[in-house]
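*Asks:* 3D, please:
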Amino acid sequence: MSFENLLSLLLYNEKSPILFNSGFFLFFLAAFLLCYQLVRNSERGRVAVFSGFSLYFFYLACGEYVLLVIIAAIVDFYLSNRIHRETRENVRKGLLWFSVVINIGLLFYFKYTNFFITCINDLAGGNIHPIQVLLPIGISFYTFENLSYTVDVYRREIKPVDKFMDYLFFLSFFPKLMMGPIVRAADFIPQIRKPYVLNGEDVGKGMFLIINGLFKKVVISDFIYQHFVQYIFDDPSRHTGIECLLGVYGYAMVIYCDFSGYSDMAIGIARWTGFVIPPNFDKPYQSSSITEFWRRWHISLSSWLRDYVYIPLGGNRKGTIRQYINLMLTMLIGGFWHGASWNFIFWGGVHGGSLAVDKLWIRWQKGVSWLKSGPVRAGGSWEACCLRSISCVFAGCFSRWRRLRGPGSCWGR
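*Replies:* Numbering: from 1, shown residues only. Here you go, the predicted structure:
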């Protein structure tokens, strides 16, 4: 291999960014684990090596946008410590809102600016040109992690870290970069100070999760999408109703194996390095209700939305109608977080409405005696489980159905 070819592998390539299932990642992971083992007995050494490789991983994934995660870490490290030291409540609240504006502003600029420009052009007949900007890998995840950290410090639920490298390590932790999970500082940062111990169970469990995740991603998700789902979704009118239905169920399998596959690999790699990250998926398509589905699907996201959006909005503490409104607003935000598209907003609205209907159904069922013991009680029958799983599948697949997307329209991606 020539020096030029080697250099091209080590530098960011916009056409071929690093992925967990790419060949180069195996060499990256091997080099990282070797260096990590060399400093395994030094807490500061582990932090330095992990942070360095994480920032390099960010660079290989999105080039110069690696500076964003560094800037975000600097801003929230400083603000969180100021919030913790400050005694005046109005100043603390002002600093918190400043952090929220900075984090949401960065996410908005990179992820949603072109969406709103397109909508303005469509609705008002404008001719505003979209900005030429790439979406930095992982910005949706580390933005939420930044926000939860600062909010927890403001609530005095956690103390801010006093070493900047610890916070940069937490925010840039590369296994969770691509598709999460969204890790809470309260769960992660205390593990930094624990001695690094790797036993046989950690090695075996980590290996199982990594292989399982790769199998889900490469063998199931990519194969089904490229050889079946994409073929049907490109032009549904050419296929029968049964084929389109199978395509919908195929895509449900694709998005589950894609998300959970990456999460499994992230959790497995973290396990090898001495960090325990909670599971992010728990057989969601076996849920007996939409409420249970969101306790099993993308658990780190659903719990984040519950703790930092739904409960602050009032949760179920301000009456039934307000609870349904809060559910709808929370899921609309969750849908918009997934992607800058009306399809995702609609997807969030469908799930928000479904959650409200599910709550209403449970409330009504409690007052009807024959439903409590009958075969149609909420979540109490195989048929009910199937019906709700089908609803989740179709709601999820709406975000992908291309017939609702027009080129150059704000209904686009």
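*Asks:* could you list the low-confidence segments of the chain?
*Replies:* 1-3, 6, 367-413 (pLDDT under 70).
*Asks:* got the domain boundaries for it?
*Replies:* Following the assignment in automatic domain parsing, the chain carries domains at 12-196, 198-278, 282-413.
*Asks:* over to residue 26. Which of the three states is it?
*Replies:* Using DSSP: H, G, I helix; E, B strand; the rest coil, the secondary structure recorded for residue 26 is helix.
*Asks:* so what's the residue count around residue 99?
*Replies:* Per other Cβ atoms under 10 Å, the neighbour tally for residue 99 reads 25. To be clear about C-beta, it is placed using only N, CA and C from the backbone, and glycine gets the same treatment.
*Asks:* convert the C-alpha atoms of the host helix or strand of it to PDB, please.
*Replies:* Here residue 99 sits within helix 89-107, counting by DSSP states H and E. Provided in PDB are the C-alpha atoms of helix 89-107 (Å, rounded to 0.1, in the frame of the first residue of the first chain):
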ATOM      1  CA  GLU A  89     -32.200  31.800  41.100                       C
ATOM      2  CA  ASN A  90     -32.800  34.300  38.300                       C
ATOM      3  CA  VAL A  91     -29.200  34.200  37.200                       C
ATOM      4  CA  ARG A  92     -29.200  30.400  37.300                       C
ATOM      5  CA  LYS A  93     -32.300  30.200  35.200                       C
ATOM      6  CA  GLY A  94     -30.800  32.700  32.700                       C
ATOM      7  CA  LEU A  95     -27.700  30.600  32.400                       C
ATOM      8  CA  LEU A  96     -29.800  27.500  31.900                       C
ATOM      9  CA  TRP A  97     -31.800  29.200  29.100                       C
ATOM     10  CA  PHE A  98     -28.600  30.400  27.500                       C
ATOM     11  CA  SER A  99     -27.400  26.800  27.400                       C
ATOM     12  CA  VAL A 100     -30.700  25.600  25.900                       C
ATOM     13  CA  VAL A 101     -30.600  28.400  23.200                       C
ATOM     14  CA  ILE A 102     -27.000  27.600  22.300                       C
ATOM     15  CA  ASN A 103     -27.600  23.800  22.000                       C
ATOM     16  CA  ILE A 104     -31.000  24.000  20.300                       C
ATOM     17  CA  GLY A 105     -29.700  26.800  18.000                       C
ATOM     18  CA  LEU A 106     -26.800  24.700  16.700                       C
ATOM     19  CA  LEU A 107     -29.100  21.700  16.200                       C
END
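*Asks:* let me see the residues that make contact with that helix.
*Replies:* Contacts made with helix 89-107 from outside it, assessed by Cβ atoms under 8 Å, 6 or more residues apart in numbering, are listed as 68, 72, 75-76, 79-80, 82-83, 86, 139-140, 143, 146-147, 150-151, 154.
*Asks:* spatially nearest residue to residue 203, not counting backbone neighbours?
*Replies:* residue 272 (7.0 Å; Cβ to Cβ, 6 or more residues apart in numbering).
*Asks:* just residue 149 next, same as before
*Replies:* Nearest one to residue 149, counting by Cβ to Cβ, 6+ apart, is residue 185 at 4.4 Å.
*Asks:* so that neighbour makes contact with residue 147?
*Replies:* No - under the contact definition of Cβ atoms under 8 Å, residue 185 does not touch residue 147, with a separation of 10.8 Å.
*Asks:* more neighbours, those two?
*Replies:* Per other Cβ under 10 Å, whichever of residue 185 and residue 147 has more neighbours is residue 185, with 24 against 19.
*Asks:* distance check, that one against residue 303.
*Replies:* Taking Cβ to Cβ, to the nearest Å as the criterion, residue 185 is separated from residue 303 by 14 Å.
*Asks:* quick check: the gap between residue 239 and residue 229.
*Replies:* Using Cβ to Cβ, residue 239 is found at 11 Å from residue 229.
*Asks:* so for the two, which sits in the more crowded spot?
*Replies:* Set side by side, residue 239 and residue 229 give different neighbour counts by other Cβ under 10 Å, the larger being at residue 229 (24 against 16).
*Asks:* list the contacts of the more buried one.
*Replies:* 247, 250-251, 254.
*Asks:* hmm, back to that, neighbours of the residue nearest to residue 203, how many?
*Replies:* 20.
*Asks:* mind listing what's buried along stretch 51-58?
*Replies:* Residues of stretch 51-58 classed as buried under the neighbour-count rule (16 or more other Cβ atoms under 10 Å) are 51, 53-58.
*Asks:* using PDB, write down the CA coordinates of that stretch.
*Replies:* The C-alpha coordinates for stretch 51-58 follow below in PDB (Å, rounded to 0.1, in the frame of the first residue of the first chain):
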ATOM      1  CA  SER A  51     -11.200  11.100  24.300                       C
ATOM      2  CA  GLY A  52      -8.500  11.300  21.600                       C
ATOM      3  CA  PHE A  53      -9.800   8.300  19.700                       C
ATOM      4  CA  SER A  54     -13.400   9.500  20.100                       C
ATOM      5  CA  LEU A  55     -12.600  12.900  18.600                       C
ATOM      6  CA  TYR A  56     -10.600  11.200  15.800                       C
ATOM      7  CA  PHE A  57     -13.700   9.000  15.200                       C
ATOM      8  CA  PHE A  58     -15.800  12.200  15.000                       C
END
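*Asks:* who touches that stretch?
*Replies:* Contacting residues not belonging to stretch 51-58 are listed as 18, 28, 31-32, 35, 65-66, 69-70, 137-138, 165, 168-169, 172-174, 177 [Cβ under 8 Å, 6+ apart].
*Asks:* give the contact list for residue 276.
*Replies:* By Cβ under 8 Å, 6+ apart, the residues touching residue 276 are 191, 270.
*Asks:* so which strand or helix has it?
*Replies:* Under the criterion DSSP H and E, no helix or strand holds residue 276.
*Asks:* start at 598 instead
*Replies:* Yes, from this point I'll number from 598; that puts the last item at residue 873.
*Asks:* so how far is residue 864 from it?
*Replies:* Residue 873 sits 8 Å away from residue 864 when distances are taken as Cβ to Cβ.
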